[in-house]
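Trainee: Sharing a model that was predicted from the sequence below.
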Amino acid sequence: MKTYPKENIPGVIMPRRSFLRHAGVGAVSAGLLATAACHKGNQIMVRPNKIDIGKGDLSILNYAYALEQIEAAFYTQLIQTPYTDITTDERALFTTIRDQEILHREFFKAALGLNAIPDLVFDFSTIDFTTRSNVLFAAKSFEDIGVLAYVGSGHYVQNKDYLTITAKITSVEARHAALLSNMIVPGTFNAGDQVDGNGLNKFLGIPDVLYLVNSYLKTKVAAVYYDYQV
């Protein structure tokens, strides 16, 4: 798994209220925003080059926000500096994925408000954006990690409205992952490295996911509380 770039957002960002309507969460989102604004359970600690997401429902939203920041940045760089033999169809697919990841990122940012972690600083220097195979491998890795992360953190969420929203986003991330897997090896849309013998998606715990993605971040993200959870 390898991947994550730099980011200057293209003009794709919807106003907050417009996105909430397009996300199909309506009044649920309004409640989420109100809850986030007054929630006291999450203590985000920011130290030089390290951010600890704390605990509680808001920590899971910030965890998701960090992952969406990375994905949005990766696809933004991919579109800005595409590999040399990219086709028109591939560019269109990656542009759609980029736009959706930016919408995910902006949703969490708006929902968290003042409780959001800072903007992350990315390091994609280990990714060769000039080569199709490297880009596809990196993109698949990011999407797979996103799905593994959402599935592995859902049981920590107490607010059912948060679960509804993250489930909607997880399903889109899984569609991205299936597409990329099939682009690499046709017919592997449900590759065995992600789906077990029972037809269920595998998962990773929060510390394991952060260990993988921190190699693409100059600003590291930590989850001290979840390191001690069984």
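Mentor: Alright, I've got the coordinates. Note that the structure is a prediction, hence the values are computed from the model and not measured. Numbering: from 1, shown residues only.

Trainee: Going by C-alpha atoms from here, please, whenever you check contacts or count neighbours.
Mentor: Will do.

Trainee: Helix or strand next in line after the helix or strand hosting residue 106, which one?
Mentor: For residue 106, the host element (DSSP states H and E) is helix 88-112. Using DSSP H and E, the helix or strand that follows helix 88-112 in sequence is helix 132-153.

Trainee: Which elements pack onto that next one?
Mentor: Counting contacts by 3 or more CA pairs under 8 Å, 6 or more residues apart in numbering; DSSP states H and E, helix 132-153 packs against helix 57-80, helix 160-184, helix 206-213.

Trainee: Could you tell me the least trusted of the ones you listed?
Mentor: Ranked by mean pLDDT, the helices and strands packed on helix 132-153 end with helix 160-184 at the bottom, a mean of 90.

Trainee: Pull out the buried positions in that one.
Mentor: Across helix 160-184, burial judged by 16 or more other CA atoms under 10 Å covers 161-163, 165-166, 169-170, 172-174, 176-181, 183.

Trainee: Please apply the same query to stretch 216-224.
Mentor: Quick answer for stretch 216-224 (16+ other CA under 10 Å): 216-217, 219-223.

Trainee: Show me what the helix holding residue 106 packs onto, helices and strands only.
Mentor: Using 3+ CA pairs under 8 Å, 6+ apart as the contact test, the elements touching helix 88-112 are helix 16-22, helix 26-38, helix 57-80.

Trainee: Give me the neighbour count for residue 189.
Mentor: Burial measure for residue 189: 20 neighbouring residues, criterion other CA atoms under 10 Å.

Trainee: Please report the distance of it from residue 74.
Mentor: Applying CA to CA, to the nearest Å, the value for residue 189 to residue 74 is 21 Å.

Trainee: same check, this time on residue 120
Mentor: Distance, residue 120 to residue 74, by CA to CA: 12 Å.

Trainee: Neighbour count for these two, which is higher?
Mentor: residue 74 (29 against 21).

Trainee: gap between that one and residue 158?
Mentor: As judged by CA to CA, residue 74 and residue 158 stand 31 Å apart.

Trainee: same question, residue 53
Mentor: For residue 53 relative to residue 158 (CA to CA), the value is 16 Å.

Trainee: which of these two has more neighbours?
Mentor: Comparing residue 53 with residue 158 by other CA under 10 Å, the one with more neighbours is residue 53, at 26 against 11.

Trainee: Hmm, that one is touching residue 227, no?
Mentor: No - taking contacts as CA atoms under 8 Å, residue 53 lies outside contact range of residue 227: 11.6 Å.

Trainee: Point out where the protein drops to low pLDDT.
Mentor: Scanning the chain for pLDDT under 70 picks out 1-49, 190-192, 199-201, 228-230.

Trainee: re earlier: the helix holding residue 106: which residues count as buried?
Mentor: 94-95, 97-112.

Trainee: Any chance of the helices and strands packed on helix 132-153 in TSV with distance to residue 144 as columns?
Mentor: Converted to TSV, the helices and strands packed on helix 132-153 look like this (distance: least, CA to CA, whole Å):
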stretch	distance to residue 144
helix 57-80	11
helix 160-184	6
helix 206-213	11
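
Trainee: what's the closest of those helices to residue 127?
Mentor: helix 57-80 (9.8 Å; CA to CA).

Trainee: Buried residues in the closest one, which are they?
Mentor: Applying a neighbour-count criterion of 16+ other CA under 10 Å, one finds 57-78 buried in helix 57-80.

Trainee: same check, this time on stretch 128-140
Mentor: 129, 132, 134-140.
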